[in-house]
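Visitor: Turn this into a structure:
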Amino acid sequence: MLDVKNINSSWTLFLDRDGVINHDKENDYIRNWDEFRFYDAIPEAIAILSKLFGRIVVTTNQKGVGKGLMTVNDLDNIHNQMVAKINQAGGRIDKIYYCADLADDSINRKPQPGMAFQAKQDFPEINFAKSIIAGNRISDMGFGRNAGMHTVFMATTHPETPYPDPLIDLRFNSLVEFAHFLTNK
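Guide: Next comes the predicted model:
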């Protein structure tokens, strides 16, 4: 079970993107920066989380690239501008990992843990037992469990998801709510 009192700079926060950091686009993809819309106060929430966690990484499934609906350059532009806004608010994202694979069984496509292993390769100090995935889908929770992480469900896009659930350690309405919860632990 996740004891939030133990969270410190030796911990890593894995964040999903669409539906956690920004508004998801129903049955479509965020294809360019003009379509990207942060949820309210997200850059500030990530600034709070940046003071608590030693590493913050984003892991995001991006089939839109694999389907040719957008390019890697389009995705990089979105991520560069997203990170710039987060940095301006005093937060940080250490690295962004994405999976453009179309096959649902790809090792890098959530719920498989491939992106977690990529992060561990880049940042060997990551300890999955001291890591949390914050996501808005059960596939994010499966990703966390498959890598040995704790899981925090954001009920932004799927509030009907049952809780308690064996895949979900904690549940919040938003990343902002989670950040405030941790600062008041």
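Visitor: Direction included, what does the strand ranked longest in the chain pair against?
Guide: Determined from DSSP state E, the single longest strand within the chain is strand 55-61. Note on strand 55-61: by DSSP bridges, its sheet partners are strand 12-15 (parallel), strand 95-99 (parallel).
Visitor: buried stuff in the helix or strand following it?
Guide: Remark: after strand 55-61, the chain's next helix or strand is helix 63-66, criterion DSSP states H and E. Within helix 63-66, the residues scored as buried using 16 or more other CB atoms under 10 Å are K63, G64, V65, G66. For every residue, glycine as well, the C-beta is placed using N, CA and C.
Visitor: pLDDT for the residues you listed - can I get that in TSV?
Guide: Below are those laid out as TSV (pLDDT from 0 to 100):
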residue	pLDDT
K63	96
G64	97
V65	98
G66	97
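Visitor: circling back to that earlier point, hey, which of the strands paired with strand 55-61 is tucked in deepest?
Guide: strand 12-15 (a mean of 26; mean count of other CB atoms under 10 Å).
Visitor: ok, now which ones touch C99?
Guide: For C99, the contacting residues are T60, N61, Q62, S106, N108, R109, K110, G114, M115, by CB atoms under 8 Å, 6 or more residues apart in numbering.
Visitor: thought the fourth one was touching Q112?
Guide: Yes - in this structure, S106 sits in contact with Q112. The criterion is CB atoms under 8 Å, and the distance is 6.6 Å.
Visitor: Please say which of the two ends up with more neighbours.
Guide: Q112 (20 against 15; other CB atoms under 10 Å).
Visitor: Now for that one: which residues touch it?
Guide: D105, S106, F143, N146.
Visitor: With pLDDT as extra columns, can I get these in CSV?
Guide: Listed next are the contacts of Q112 as CSV, based on pLDDT from 0 to 100:
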residue, pLDDT
D105, 95
S106, 98
F143, 98
N146, 98
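Visitor: Generate a ChimeraX selection restricted to the buried entries among these.
Guide: Restricted to buried positions by 16+ other CB under 10 Å, the ChimeraX selection for these reads:
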select :143,146
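Visitor: what's the distance between L13 and K110?
Guide: L13 is 16 Å from K110, where distance means CB to CB, to the nearest Å.
Visitor: List phi and psi for the residue lying farthest from the centre of the chain.
Guide: Within the chain, the residue lying farthest from the chain centre (CA atoms, centre = their mean) is G68, at 23.2 Å. Dihedral angles of G68 (phi, psi; degrees, to the nearest 10) stand at phi 80, psi 20.
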